[in-house]
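Chemist: Pasting the sequence and the predicted coordinates here, then a few questions.
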Amino acid sequence: MTDEQGQQVDVDLVDDAEAFDAWRIKWFLDEQSDARPSVEDLQTACSYLSQLGKLREVQAGRWYALPGPLNSCR
C-alpha cells in the first residue's frame, strides 16, 4: 500500500480490515524518521489512541486500523 506522499505502508488484512501492528509502525519509522520508540511504547500508544477513538482495535492488543469505512475491504 502507498500513502499520499508515495511512501510504502505495510498492512495486513485482518477481519476484512487493512490493519497494522506495533512492529509495522516501528519498521516504517525506522525507514522514514529519526524517532526510535520501542515496540512496547508503540503498542501502548496504539492502545491509548484506540481508547480515544483515533484508532480502531481490530484484534485486542495486537491489530489496529484507522477508524471509518475507508480501510474496510468489504
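Modeler: That came in fine, so what should we check first?
Chemist: for stretch 50-64, what is the average pLDDT?
Modeler: The average pLDDT for stretch 50-64 rounds to 94.
Chemist: Output the below-cut-off pLDDT ranges for the protein.
Modeler: For the chain, the stretches with pLDDT under 70 are 1-3, 30-32, 69-74.
Chemist: need the helices for it, in chain order.
Modeler: Secondary structure of the chain by DSSP state H: the helices cover 22-32, 39-51.
Chemist: Can you give me the buried ones in the first one?
Modeler: Read that as helix 22-32. A22, R24, I25, K26, F28 (16 or more other C-beta atoms under 10 Å). Where C-beta positions appear, they are placed from N, C-alpha and C, glycine not excepted.
Chemist: Then the last one?
Modeler: The neighbour-count criterion (16+ other C-beta under 10 Å) identifies L42, Q43, C46, S50 as the buried residues of helix 39-51.
Chemist: Tell me the spacing between D15 and E4.
Modeler: 25 Å (C-beta to C-beta, to the nearest Å).
Chemist: G6: neighbour count?
Modeler: By other C-beta atoms under 10 Å, the residues close to G6 number 6.
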